[in-house]
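Trainee: Build me a model:
(chains A and B)
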Amino acid sequence: MNRTYLLGLLIFILVFAGLLTLQAPVAALALPPLAYLLAAVWRGPEAAQLQVVRTLSAERIQTGDEVTITLTVRNTGPALEEVLFEDQIPAGLEIIDGSILHLAEFPAGGTITWSYRVRGRRGYFAFKRIRVTIREHFGLVSSERELPTDGQLFILPPVLRLRRVAIQPRRTRIFSGTIPAHTGGSGVEFFDVREYQPGDSPRWINWKLTARHPQSVYANQFEQERSADVGILLDGRHRTNDFGRRSIFEHSVLAAAALADSLLNSGNRVGLLFYGKQVNWTMPGYGRMQSERILQALARLEPGDVQSFDGLYIPRHLFPFRSQLVLVSALAPDDYELLAALRLSGYPLLIISPDPVSFELSGLEDVAAHQQAGRIIRLQRQLLLRRLRGAGIQVVDWDVSQPFEVVAKRELERRLVLPRGELR
Amino acid sequence: MTRLLLYVCAGLGLGFGLLAYFTAGLVQPGVVLLVLGGVWVLGLARRWEWAASLGLAILFGAAALGFYLGATPVLLVFSALLALPAWDLAGFIARLERADPAADTTGLERAHLARLGLVSLAGAGLTGLALLARVRLPFEGVVGLVFLGIWGIGRVVRWLLQRSE
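Mentor: As a prediction, the model looks like this:
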């Protein structure tokens, strides 16, 4: 019950009881609570003038890291007897040390500073306001208000360091990189032999071939290595990511972050398309700034469904023709048609597929019915992956109980050797 | 310090009430008060939110009933006077505990206790004065005064609630 109501009710009852029983002392008992009530009226809180400044020890941290949030409030108005500050922190942050609540008396012109530490899951968190409750000492009169503050925090996904991601786009850019360009020139790997031309280094002369064909001098050619356009597509559809209370999406984000980092480090131009709760497009770019842009985009993403599209949606106009596409998706059985069509239209496609079957089974009871269902679904998935591979799509089936860097080292670091007609 | 003071107020308030009843030979109501008071003190120790309000109602109710039944008036007044700070301190401690436990609230506590002490003294003085003063008023005058008082208190409560919104 409200304290003021309770006190008022008590006074009324005592006065009435005194009148009914004709006992003046009973009515006199109402005087102490009345004095208490009047004291609250006398010293009720005045209009406050407060200024809040929020500082964060870091605005960009990795998942698992902690950040210290410090709030400094300055009172530019009259003295306040009792002030309760309550910081409004976004959902998803966990308080490790300290408190978002701070109770204090606040003299005129005074400053109050307090800190607390938080950590949280991957995401973007905006701090917008702090709630202030001002009371007189007895807490009978209170006024609440919200003060605006600034502050934002990116909790980025962890970035696994992959040594190399072997991709084979059909088209490369003019800048040097690490992607074999299928044209002769300066490089490391042997590519072809042609007649020696003025300007060629004497060290490139193929002496064995020249000895067999003495009418001419032959020189080795090396395969040029260039950068490429890479589009990373991250599938955040509810149906392919969420299994009851568990979600495989965080694994997909982890893989996308690692791939983006590695591909950018290799000098490629990388863009990110997310398809889930919203369609989010990070324009292609190079280097560290682009890596930061992609990580910040990944921090914001949440799985879900866009109402406009039922199946997987890949807007081709966003990706240069024949550029490399990397799809990170747990895959749904009906995705085959779209992916095969994409491949046939000239886009080399690499799919990193976190295995939803083993992921879901690991969260279920180990009973015969689940095992049987698991076997059936696994067969369906294997069939889908085989069909995709048959369509010339490189697929990495990732059992998420294994670290991604181990799988990536095994499956992605080697250059894929396939007959030209099949993959290209 | 504040919590200790809460228990002192609660213990003394209950003790004075019990003493008033038992010295007047009112054993049955005294036992009921003992049981209810025990629940109140237990509630305070366990930090049950409703315990403070229950204690306020119990001690003021016991004091009013005690006057009617002829228990020792001075002890009853002391009992009621101590119930009010106990109720206030329970609320204040709850507010302190909700906030950052690491924060230094010594100044706040000191100021609160000073204000509470002053108001308790004023309440005690007013009650004492009311009990000692003998003013003869006609019944109509008393009723009129009571209704005027009720109207005034109603206005104060309404004003306080409006300020809180």
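Trainee: show me the contacts for the residue in chain B that chain A sits nearest to.
Mentor: Nearest residue of chain B to chain A (CB to the nearest CB) works out as B:G123 at 3.0 Å. For the C-beta atoms, the positions are set from N, CA and C on the backbone; glycine is no exception. Going by CB atoms under 8 Å, 6 or more residues apart in numbering or on different chains, B:G123 touches A:L31, A:P32, A:P33, A:L34, A:A35, A:Y36, B:L81, B:L84.
Trainee: Out of those residues, which two sit at the greatest distance?
Mentor: A:L34 and B:L81 (12.8 Å; CB to CB).
Trainee: Buried residues in stretch A:63-78, which are they?
Mentor: For stretch A:63-78, the neighbour count (16 or more other CB atoms under 10 Å in any protein chain shown) marks A:T63, A:V67, A:I69, A:L71, A:V73, A:R74, A:N75 as buried.
Trainee: Equivalent analysis for stretch A:192-199, please.
Mentor: Going by neighbour count (16+ other CB under 10 Å), the buried part of stretch A:192-199 is A:Y196.
Trainee: pretty sure A:E105 contacts B:R110?
Mentor: No - with contact defined as CB atoms under 8 Å, A:E105 does not reach B:R110; the gap is 9.4 Å.
Trainee: which one of these two has more residues nearby?
Mentor: A:E105 (19 against 13; other CB atoms under 10 Å in any protein chain shown).
Trainee: Secondary structure class of that one, three-state.
Mentor: What DSSP: H, G, I helix; E, B strand; the rest coil gives for A:E105 is strand.
Trainee: if I pick it, what's in contact with it?
Mentor: A:A79, A:L80, A:E81, A:E82, A:V83, B:G107, B:L108, B:A111 are the contacts of A:E105 under CB under 8 Å, 6+ apart.
Trainee: okay, the residues you listed in CSV with distance to A:V26 next?
Mentor: Formatted as CSV, the contacts of A:E105 follow (distance: CB to CB, whole Å):
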residue, distance to A:V26
A:A79, 39
A:L80, 38
A:E81, 33
A:E82, 33
A:V83, 38
B:G107, 39
B:L108, 35
B:A111, 33
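Trainee: which stretches of chain B have low pLDDT?
Mentor: The model of chain B has pLDDT under 70 over residues B:163-165.
Trainee: For the buried residues of stretch A:63-78, point out the one with the lowest pLDDT.
Mentor: Across those, the bottom pLDDT score, 87, is held by A:T63.
Trainee: correct me, but that one touches A:I155?
Mentor: Yes - if you go by CB under 8 Å, A:T63 and A:I155 touch, sitting 5.7 Å apart.
Trainee: Give me the common contacts of those two.
Mentor: Here A:T63 and A:I155 have A:G120, A:R121, A:R122 as joint contacts, going by CB under 8 Å, 6+ apart.
Trainee: got CSV for those, with secondary structure and pLDDT too?
Mentor: Output for the shared contacts of A:T63 and A:I155, formatted as CSV (DSSP: H, G, I helix; E, B strand; the rest coil; pLDDT from 0 to 100):
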residue, secondary structure, pLDDT
A:G120, strand, 91
A:R121, coil, 89
A:R122, coil, 91
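Trainee: Thank you kindly, that will do.
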